[in-house]
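[1] Here you go, sequence then predicted model.
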Amino acid sequence: MTIEFTKHPIIEAPTDEEIVLLGEADPKLLSDLHEAHEGRIRSAESDPLHYGFELEGWKHVDKFFETVNTVFVSGGNRSSKTEMGARTVVKAALENPNSEIVCFAQDNDASVRVQQRAVYNYLPPELKKKSKSTVEYLNYTFKNGFTGASFILPNGSTVYFHTYSQFIANRSKFEGLEIGSKAPKWHNIGLWLDEYLEEGDLVNTMRFRLVTRNSKMLMTFTPIDGYTPFVASFLKDAETRKTRNAELLDNEEVPFVQYSKSKDAGIVYFHSELNPFGGYERIRKELQNSSRDEVLTRAYGIPVKSMNTLFPSFNTNVHTCDKLPDITEKTHTVYQVVDPAGARNYVALWAAVDSKGYVTVLREWPDRDSYGEWAIFGDPRWKFGPASKKIGYDVQSYVDEFRMIEEELGVEVFERIGDSRYFARENEDNSDLFESFADKGMYFVPSNGADIDSGIAAIDEWMKYNQNLPVDESNRPLLSIHESCGNLIYSLLNWGHQGKRDEPLKDFVDLLRYLRMANAGMGPDYFSTTNMETTTKGRGGY
């Protein structure tokens, strides 16, 4: 009789040769080895909480929960984030008596089919029996999930399942909850948000429910369709603490573990290849001809674009740079764009275009590093940040500020473009900003009056490149932005053309739009030194 060992991605079985040799030498030992092997697999399947396998990413989540109250997990396809979330909830409910744990999913189908099923799978076998005792209540079917969308364990812990639409419809339902445990013996988990795509209102409400029992929040997210501003608020300025080689990206180092200083939160990226149960070889095959962005999101869980942005081609790994080009009058033509505002600071960009039409945005003002954020994500709308707070500059002060920046950059501006509507507004003395700046020796021309949508489409054309091929000298976008232009970059990542809701993000996008639509919509020109000698005066430069 031939003994067959079940194949398993983690538990190794003896080779065919070893089975034959052992069977001949000691049949009983072979039989015992087979039973131990099969028994280990059965135990892991019937009771994954106690006998399952802890994957590498899970260990980092647990480690973070020792020091922070929020952990954000962004996972690739089949990367085990749902299983990890379910294991974490069940273990917290069992280890921490009288816990109140709330789980949120996108809709009822996702809650029953994905979240509740995963949680049920991690319950120990003895608890999966239907129970309706005085303390304990648990009734589950694969079709409908847990009766009452909740269950109660013998130790008094209760787990509730809700959807985001339920919160939107009746947020008062969640007031007064005290989630977590008063006497935790393990991570005091109180909230699990899966695929949260809203704008943060729920989190802002629930985090005060976490405070009473000092409990913790787990968020799991799949960035396939991009990320929301709320997600971006966790990822921005994150400190990378651990990287891994990305096999599908020629072993490029990609983030694995990060820390969000602004949120005091842990971030773990679940890479698909680290889940031996997820069918990675098939994922690997499917992605072999995919773009870099798709590989990053689907295999490594790394978000590369905003879900709401109007610039889906924009990628900080491609469109930003950490070095400025060597600029001379012979190699580049330099432009400045300014958009004034009465109640806020003016905003400005400097950009250089070379003889081949490649445009580099050199500097912004007010810059993010010196003045802070121009726009801050809020709920339900974006808010103007510290950089927008008016510092009381008059025209001469702006002229001095702009000249100082140009001296630092070592450039001379060929043409200055001002927002045509605001620059043309008359002052009390019947002058406008064109005249006021000209009186100080700084000459502006009006911006192109093309509609916003045309400008957005034109900017998007600047950003295009073949995403299926490596970026090199022959395959690169026309637009590059220096990394110091943080407010412009942040606006491009998040502006969604939603009117008043994201108005603060629009100002820096407008600057880039005015630049792109210069020269009757053809974009900024490069002028050689010879051409400049004959055209500079007429264009109002310098």
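    That came through, no problem. Residues are numbered from 1 along each chain as shown.

[2] where in the stretch 301-450 of the chain is pLDDT low?
    Scanning the stretch 301-450 of the chain for pLDDT under 70 picks out the ranges 307-308, 378-380.

[3] can you give me the offset of stretch 473-491 from its chain's centre?
    Centroid separation for stretch 473-491 versus its chain: 18 Å, with C-alpha atoms, centre = their mean, to the nearest Å.

[4] mean confidence for it?
    Computed over stretch 473-491, the mean pLDDT rounds to 94.

[5] Same check on stretch 46-56?
    For stretch 46-56, the per-residue pLDDT averages 95.

[6] try stretch 226-238
    For stretch 226-238, the mean confidence score works out to 80.

[7] cool, stretch 245-265 as well?
    Computed over stretch 245-265, the average pLDDT equals 93.

[8] ok, and for that stretch, which residues are buried?
    When burial is assessed from 16 or more other C-beta atoms under 10 Å, stretch 245-265 yields the following buried residues: 246, 248, 252, 254-260, 263, 265. Every residue, glycine included, has its C-beta placed from N, CA and C.

[9] Which residue ranges of the stretch 351-500 of the chain form strands?
    All strands of the stretch 351-500 of the chain, identified by DSSP state E, counting those that start in this stretch, fall at 359-365, 375-376, 383-384, 415-418, 445-446, 479-482.

[10] which one of the buried residues of stretch 245-265 is nearest Pro9?
    Distance to Pro9 across the buried residues of stretch 245-265 (C-beta to C-beta) is lowest for Leu248, with 19.2 Å.

[11] That closest one and Arg292: what is the separation?
    The gap separating Leu248 from Arg292 is 9 Å, by C-beta to C-beta, to the nearest Å.

[12] on that earlier part again, can you list the strands of the stretch 351-500 of the chain in a markdown table and add distance to Thr205?
    Listed next are the strands of the stretch 351-500 of the chain as a markdown table, based on distance: least, C-beta to C-beta, whole Å:
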| stretch | distance to Thr205 |
| --- | --- |
| strand 359-365 | 35 |
| strand 375-376 | 19 |
| strand 383-384 | 18 |
| strand 415-418 | 44 |
| strand 445-446 | 47 |
| strand 479-482 | 36 |
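
[13] Please convert those to a markdown table, extending it with distance to Arg78 and mean neighbour count.
    Shown next, in a markdown table, are these (distance: least, C-beta to C-beta, whole Å; neighbours: other C-beta atoms under 10 Å):
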| stretch | distance to Arg78 | mean neighbour count |
| --- | --- | --- |
| strand 359-365 | 39 | 23 |
| strand 375-376 | 36 | 20 |
| strand 383-384 | 38 | 16 |
| strand 415-418 | 50 | 24 |
| strand 445-446 | 54 | 15 |
| strand 479-482 | 35 | 23 |
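
[14] Select, out of these, the one closest to Glu4.
    strand 479-482 (59.3 Å).

[15] which outside residues touch the closest one?
    For strand 479-482, contacts defined as C-beta atoms under 8 Å, 6 or more residues apart in numbering pick out 319-322, 324, 358-363, 459, 462-463, 488-489, 492.

[16] Could you turn the buried ones of these into a ChimeraX selection?
    Buried residues among those (16+ other C-beta under 10 Å), as a ChimeraX selection:
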select :319,320,324,358,359,360,361,362,363,459,462,463,488,489,492
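
[17] that older thread, now for the strands of the stretch 351-500 of the chain, which one comes closest to Cys103?
    Of all these, strand 375-376 comes closest under C-beta to C-beta, at 29.5 Å.

[18] Distance check, Lys132 against Thr141.
    15 Å.
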